[in-house]
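In: curious how this folds, go ahead:
(chains A, B and C)
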Amino acid sequence: MNTFMRWAGCFVVLFIAAPLVIVVPMSFSNASSLQFPPPGYWLGYYRSYFTDMDWLIPTWNSILIASATTILTMALVVPATFALVRHKFRGKGFADLMMLMPMAVPHIVMAVGYYSYFGELKLVHTHLGVILAHTCLSVPIAFLVLSANLKGFDRNLERAAQSLGASPTQTFLHVTLPILRPGLIISSLFAFIQSFDETVVAIFISGRDAETLPRKMFDSIRQEADPVIAVISTLLFFLVMIGIAAPYFASALRSRVPKPSRPASVAY
Amino acid sequence: MTSYLELSNITKTYGHFTALENVSLSVDKGEFVTFLGPSGSGKTTTLMIIAGFEKATGGTVKVGGLSISELAPHQRNIGIVFQNYALFPHRSAVENVYFPLQMRGVSRAKGMKQAEDMLSLVGLKGFGHRHPKELSGGQQQRVALARALVFEPSLLLLDEPLGALDKNLREQMQIEIKRIQRSLGVTTIFVTHDQSEAMSMSDRIVVFERGRIEQAAAPLDIYHRPQTSFVASFIGESNLIPATICCAGNKTAKSLALGSVDYAGADNVLLDGQEVTLLIRPEHIKLSRNPVDGRRNAFMTVETIVNYGDNALVIGRAGDIPLRVRVLGADVVIIKEGEECCVSWTPDSVFVITK
Amino acid sequence: MGISLSKLTEKADIWPWLLLAPLGIYMLIFFIVPLADVAIMSFTEPKVSLANYQKVLTGALYQRVFLNTFLTAAFVTLCCLAVGYPLAYLMANSKATTAMLILLLVTMSFWTSFLVRTYSWMVLLGNNGPLIAFLQMIGVDQPPQLLFTRFSSTLAMVHILAPYMIMNIYSVMKKIDPALIRSAESLGAKGWSLFRHVYLPLTAPGIANGSVLVFVICLGFYVTPVLLGSPREQMIAGLIGHQIEEFLAFGLGSAMAMVLLVATLIILTIYHRRFGLDKLWG
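Out: Got it, this is the predicted structure:
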């Protein structure tokens, strides 16, 4: 069983890795259609991406929408998470469940809803419309991350701060907020990525005017399989790689700072 | 001496559950008082009420003659060391100690200097720049202590601060805390469920049980003259023997298991026919193969012998009463499990508990 | 025993509501209402009737699509399990560095936009792609059409959803106490029986978690089946999109969306009863 599992595992590694790395050589290909291995290499499609407004505007839209979504999501989720984690009240179980619901509803269902409802509100094909919809979809993931952090927060730290003379406001600013910072950052990051990657709702409601990058990619793959997609895929791939590697490097760098050795006189 | 901390009739209820019932206590300035009791006995709740994290349902807390019941925790000027130390992970040791000074508007330059001095006092000179997770349990403990003392609090509260340390370190810290407390003369309340810790550190022990104070007295008084059978059983090893006073004039009680037992004295007036409990500490019982002359002897069947090297615990039965006897390690060879032997004691070692 | 922090929290019960209110109102306006809109449209478009549901639940085309969707989702879940379990096992039982590298790879895959991954499969399976070239090299003269078939969309979905399965199973495997396996061995279990009676039951929660997650996501999957699948073998989400975009058939699309929603919620409710919904994505 053991050896079989190992071999199967190695095979799966290949299965998972191959599609991730294949976009990199494709992005340097000079073929005008999907061809692998590429007949030759050039940087032409990189130039196309960085000069073509049809690609740059959706990119900008996506960044704008994801940023706004992140801010709105955090503004709504942070207070709500404090309420749900730190207080007991009637209907708390229901409220907890409601926070997760947007994750449980298939995006295509929400897309139909937003398409019709935002149509009435004149929010279809607007940045605001996409931001409002994306915020709703980002709430559960932001809440999950933040509430896990807040549940692990040692309330004694706040009690200690108060006993040491910090008012409730000072306690929040000097103790609660700094200690929660990593959780807040990760939670914001997740909200951002959720919005930046969201495709289905954007396909239905972003239109030409607020077209997001995933929507543009979707249309492009569907219609002509523009090789620029390989460029974007490669860029996104490396962005993810940097994002995942950054914490490792940060901690590696931090631990390289020499620590003074422990004086022998104090033995504990 | 006038009392410094004054708890009067503190009551705390949660719905129908009474966590504290009429707790009253006076603590003198500079005194080291230990709250001792099993978990759920109300000792920590009392501490939290003094600190201001819990609001008492009734009663008042006064420090130096002024009521602090209505003050928020940050206005009370009370230093606390929590069981898990609650050091701020985002601040270095010295910044942790500086925190209360910062909150009091002390400039960074002056405050950090003061914090460094305080760290030296607790034996952590040169450790200030380290973050809590780079410190050992004992060092974290010292930082927490320094932080709770640096702003010259009117009271120091310690909530089971030694619970997380291993045995050797715990003993070291007991001595250390005592030294620091004495040198600063700060009035201290120490909460623990560990009786040996309470015995070794305190000026006075307050025993809590089910939301009430069972007894408040000096450690040796608590040990030798427990007022209730709970205190007797909670502190030290004890043999508690139900008995009836048969002749108060002769200082004799009658027990079903041990027959007549002489006692030396009691704190309360005893009446003939009164139901009492006799306390005999295991180390005060003498074990012998044959009856000892001049003493009342009883017979015990030995069931188990537990050897500790320097001493041994002999567990047996006299009639239907279980008895525990401590003997010196060398003496244990005289008996074997399953044998019957004689137990005896002097009247001095019998204490009568009426409650 | 609740020890309240400050007077703010002492003063009681208005605070949590005040903190929850903005989000609550937001969710009402931008989550509940649009969802209700779908429900209402399914009964009222184009006129008030049950006709949409009648058509969706009894029409041969729709029945085939529903069946196809469920079978595909089940098959993808099984494949993810077949792919994910060995890999999770490999991660949980290899050296720290190997395990970390694989975890890094799975994490990379997880965070890479599924549009990118879908596109990669187009390259891999395309007529000028490496797989066809390989088939030709080993002597297959007329290689089959791989792209835009049920095969390509299923393969891509397995690839896209496998990380969910792997992460879930791995997190459970990692927590298994090796002493447990050793003690099972000392008690005489080995090989298949050790796996069947000890390891598998211990990893069951991870399998359940991963499977529910993969199945539910797959049920409502839109992008990959639309881009890679055969137009003749659509899944529900694709058909809903088709109805709305091509025919503006809001009633019919909404009715299908409701069926999809109800099916999803039934599965999640069963899961919630047994494990608690917050564990699913944890």
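In: quick one: end-to-end distance for stretch B:285-299.
Out: Stretch B:285-299 has an end-to-end distance of 12 Å (C-alpha to C-alpha, to the nearest Å).
In: shaky segments in chain A?
Out: Counting by pLDDT under 70, chain A shows low-confidence ranges at A:1-2, A:254-268.
In: can you give me the helices in the stretch 151-300 of chain B?
Out: Using DSSP state H, counting those that start in this stretch, the helices of the stretch 151-300 of chain B run over B:167-184, B:195-201, B:219-224, B:229-234.
In: contacting residues around the spatially closest residue to C:I102 that is not a sequence neighbour?
Out: Spatial nearest neighbour of C:I102, chain neighbours left out: C:M91 (4.9 Å); criterion: C-beta to C-beta, 6 or more residues apart in numbering or on different chains. Just so you know, the C-beta spots here come from the backbone N, C-alpha and C atoms, and that holds for glycine as well. Residues counted as contacts of C:M91 (C-beta atoms under 8 Å, 6 or more residues apart in numbering or on different chains) are A:G9, C:T98, C:A99, C:I102, C:L103, C:V106, C:I166, C:Y170, C:M173, C:K174.
In: winner for burial among the helices of the stretch 151-300 of chain B?
Out: helix B:229-234 (a mean of 21; mean count of other C-beta atoms under 10 Å in any protein chain shown).
In: okay, now whichever residue of the stretch 51-200 of chain C sits closest to chain B: neighbour count?
Out: Among all residues of the stretch 51-200 of chain C, C:A96 sits closest to chain B, at 21.2 Å; criterion: C-beta to the nearest C-beta. Neighbour count of C:A96, defined by other C-beta atoms under 10 Å in any protein chain shown: 7.
In: let me know the secondary structure of whichever residue of the stretch 1-150 of chain B sits closest to chain C.
Out: Distances between the stretch 1-150 of chain B and chain C by C-beta to the nearest C-beta are smallest at B:F53, namely 5.4 Å. The three-state label given to B:F53 by DSSP: H, G, I helix; E, B strand; the rest coil is coil.
In: quick one on the thing from earlier: do you know how far the residue of the stretch 51-200 of chain C closest to chain B is from A:Y248?
Out: Computed as C-beta to C-beta, to the nearest Å, the C:A96 to A:Y248 distance reads 14 Å.
In: same check on A:L239?
Out: 16 Å.
In: so between the two, which is more surrounded?
Out: Between A:L239 and A:Y248, counted using other C-beta under 10 Å, the more crowded position is A:L239 (15 against 11).
In: now name the helix or strand holding the more buried one.
Out: Per DSSP states H and E, A:L239 falls inside helix A:228-256.
In: near chain B, anything from that helix?
Out: No - for helix A:228-256, no contact with chain B is found by C-beta under 8 Å from any C-beta of the partner chain; the gap never falls below 10.9 Å.
In: list the buried residues of that helix.
Out: The neighbour-count check on helix A:228-256 (16 or more other C-beta atoms under 10 Å in any protein chain shown) flags A:V228, A:I229, A:A230, A:V231, A:I232, A:S233, A:T234, A:L235, A:L236, A:F237, A:V240, A:M241 as buried.
In: does B:S255 touch B:L278 like I think?
Out: Yes - contact criterion C-beta atoms under 8 Å: B:S255 and B:L278 qualify, at 6.8 Å.
In: and for these two, which residues touch both?
Out: Shared contacts of B:S255 and B:L278, counting by C-beta under 8 Å, 6+ apart, come down to B:I241, B:P242, B:A243, B:V261.
In: residues in contact with the first one?
Out: Shown in contact with B:I241 (C-beta under 8 Å, 6+ apart): B:S255, B:A257, B:L258, B:V261, B:T277, B:L278, B:L279, B:I280, B:I321.
In: count the residues that sit near the residue of the stretch 51-200 of chain A found nearest chain C.
Out: Per C-beta to the nearest C-beta, A:P106 is where the stretch 51-200 of chain A lies closest to chain C, at 2.6 Å. Residues contacting A:P106 under the criterion other C-beta under 10 Å number 24.
In: for B:Q274, same thing?
Out: 16.
In: list the contacts of the residue nearest to it when sequence neighbours are not counted.
Out: Nearest residue to B:Q274 in three dimensions, chain neighbours excluded: B:I245, at 4.6 Å (C-beta to C-beta, 6+ apart). Contact partners of B:I245, counting by C-beta under 8 Å, 6+ apart, are B:T252, B:A253, B:L270, B:L271, B:D272, B:G273, B:Q274, B:V276, B:V352.
In: so which of those comes closest to A:M5?
Out: Nearest to A:M5 out of these is B:V276 (C-beta to C-beta; 71.5 Å).
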